[in-house]
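> Need a 3D model of the following:
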Amino acid sequence: MLTILPSILLFAVGIALLYKGALLLIENATKLARNFGLPLILIGFTIVAFGTSLPELIIGIFSGLAGENSLTLGNVLGGNMVNLGVALGLTALIAPIGLPAKNHRFELYSLVFALAILYMLLRDGLLSRFDGLILVTMAIVFILAVIREATTMSKVERVIKRTITIKRRRERLYNIIAIAAGLALLFIGARMTVVNAVSLARLAGVSEVLIGLTLIALGTSLPEILTTIISAIKKTEQLSIGNIIGSNVMNVLLILGVSVLISPIEINQTVWQYDLPFLLLTTLIFISIVRSSRKISRREGLLLLSAYVIYVLFAFLLRL
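Next up is the predicted model:
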């Protein structure tokens, strides 16, 4: 027991630093974007989505450098399930989530497209560096397309403030410094999380994929969960839904792609036969809710949360 206590404590500290760093980055990146007159939907799909996915990205980089990429794969798949099942499901149970009038078909179907491509790449049992290049290229295309769409559809919404006061300049400088501080906390927290998660997995005899699917997935998804809850309470639906969709696409294409570029991943058949299909099914349920309703009700929130609980239970059973 004494041998694993330091790893548990350092793992918890790492998660706390990830959470604080991401929160600092999200808050100040959002303020900076609004200061420059960027629309809310653009903030949700890009800046906030990228900000909340930074813990996964940093962990992906460190895992790749350490040759522990199975941790990244588990974190990406588990993190996406947490975003759909816990972030959206739990939030909807607290307060039903209003959906934006425009359904954003491109972004929604990008979720399914990204998972379908990943499923095809996993069939040979290996994610190679070439596969990583494909994923990263698709991530860049997605980001550029979202920026173009958001800029085009929000011409009325955008307000470019030409008069820049000294106070506004100071605010921007503060936001930039705070963003840098948030990134520093993310790097430190990610390093501590990866090292001690691998240590715990080895000490307990549990596969690193399973650790990534559960503990790390929940820990690194805290920014998405918090952002979604706050957005729902403040009725900023575009930010809330945009954050989850953008984060899930970024996780599959950018985070996993960058990690694989550093170090290829050999795939466990359970990932290909169970984890990814279950995530795809949950994603389709989410899309059907968004396309057919004006809000995510408490009943639909319970459905999403139940899907996550079932997923975790079977993930444990299949890996015992």
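
> can you give me the strands in the stretch 151-300 of the chain?
265-266, 295-296 (DSSP state E, counting those that start in this stretch).

> Most tightly packed of these?
Compared across these, strand 295-296 shows the largest average neighbour count, a mean of 22 (mean count of other CB atoms under 10 Å). In this view, the C-beta of every residue, glycine as well, is placed from N, C-alpha and C.

> partners of it, with directions?
In the sheet, strand 295-296 lines up against strand 97-98 (antiparallel) (DSSP bridges).

> List the contacts of the partner strand.
Leu88, Thr91, Thr228, Ala232, Lys235, Glu237, Ser240, Ile241, Arg294, Lys295, Ile296, Gly301 (CB atoms under 8 Å, 6 or more residues apart in numbering).

> could you give me the average pLDDT of that strand?
Taken as a whole, strand 97-98 carries a mean pLDDT of 78.

> still on that earlier bit, from the contacts of strand 97-98, keep the buried residues only.
Leu88, Thr91, Thr228, Ala232, Glu237, Ser240, Ile241, Lys295, Ile296, Gly301 (16 or more other CB atoms under 10 Å).

> Could you double-check that the fourth one lies in contact with Thr91?
In this case it means Ala232. Yes - the pair Ala232 / Thr91 is scored as a contact, 4.9 Å apart, by CB atoms under 8 Å.

> And the nearest residue to Leu203 once chain neighbours are set aside, how close does it get to Leu17?
Residue nearest to Leu203 in three dimensions, not counting chain neighbours: Ile4, with 5.2 Å by CB to CB, 6 or more residues apart in numbering. Distance from Ile4 to Leu17, counting by CB to CB, to the nearest Å: 20 Å.

> neighbour-wise, which of those two wins?
Between Ile4 and Leu17, counted using other CB atoms under 10 Å, the more crowded position is Leu17 (21 against 14).

> Skipping adjacent residues, who's closest to that one in space?
Per CB to CB, 6+ apart, closest to Leu17 is Gly189, 3.0 Å.

> Let me know how buried the one you found is, in neighbour terms.
If we define neighbours as other CB under 10 Å, then Gly189 has 25 of them.

> ok, it - contacts?
Val13, Gly14, Ile15, Ala16, Leu17, Leu18, Tyr19, Lys20, Gly21, Pro55, Ile58 are the contacts of Gly189 under CB under 8 Å, 6+ apart.

> one more time with 7 Å, if that's ok
Gly14, Ile15, Leu17, Leu18, Gly21 (CB atoms under 7 Å, 6 or more residues apart in numbering).

> Now do stretch 305-317: everything it contacts.
81-82, 85-86, 89-90, 93, 210, 213-214, 274-275, 278, 282, 285.

> One more: stretch 106-122?
45, 127, 131, 138, 142, 145-146, 149, 245, 248-249, 252-253, 267, 271-272, 276, 279-280, 283-284, 287, 290.

> How about stretch 216-228?
With CB under 7 Å, 6+ apart as the criterion, stretch 216-228 contacts 15, 18-19, 22-23, 26, 48, 52, 55-56, 59, 71, 75, 78-79, 82-83, 86-88, 91, 193, 197, 240, 243-244, 247.

> Could you rerun that using 8 Å?
Here stretch 216-228 has contacts from 15, 18-19, 22-23, 26, 48, 51-52, 55-56, 59, 71, 74-75, 77-79, 81-83, 86-88, 90-91, 97, 193, 197, 239-240, 243-244, 247, using CB under 8 Å, 6+ apart.

> Any idea how far apart the tips of it sit?
19 Å (CA to CA, to the nearest Å).

> From here on, call the first residue 16.
Right, with 16 as the first residue, what we last looked at is stretch 231-243.

> List the buried residues for the helix ranked longest in the chain?
Longest helix in the chain, counting residues (DSSP state H): helix 181-219. For helix 181-219, a neighbour-count test (16+ other CB under 10 Å) marks 187, 190, 193-194, 197-198, 200-216 as buried.

> same thing with stretch 22-33?
Ser22, Leu25, Phe26, Gly29, Ile30, Ala31, Leu32, Leu33.

> Now go through the residues you listed and say which are in helices.
Those of the buried residues of stretch 22-33 lying in helices (DSSP H): Ser22, Leu25, Phe26, Gly29, Ile30, Ala31, Leu32, Leu33.

> Excluding sequence neighbours, find me the nearest residue to the second one.
Leaving aside its chain neighbours, Leu25 sits nearest to Asn211 (4.6 Å; criterion: CB to CB, 6+ apart).

> quick one: contacts for that neighbour?
Ser22, Ile23, Leu25, Phe26, Gly29.

> With pLDDT and distance to Phe128 as extra columns, can I get those residues in a markdown table?
Formatted as a markdown table, the contacts of Asn211 follow (pLDDT from 0 to 100; distance: CB to CB, whole Å):
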| residue | pLDDT | distance to Phe128 |
| --- | --- | --- |
| Ser22 | 85 | 39 |
| Ile23 | 86 | 39 |
| Leu25 | 90 | 38 |
| Phe26 | 86 | 34 |
| Gly29 | 85 | 33 |
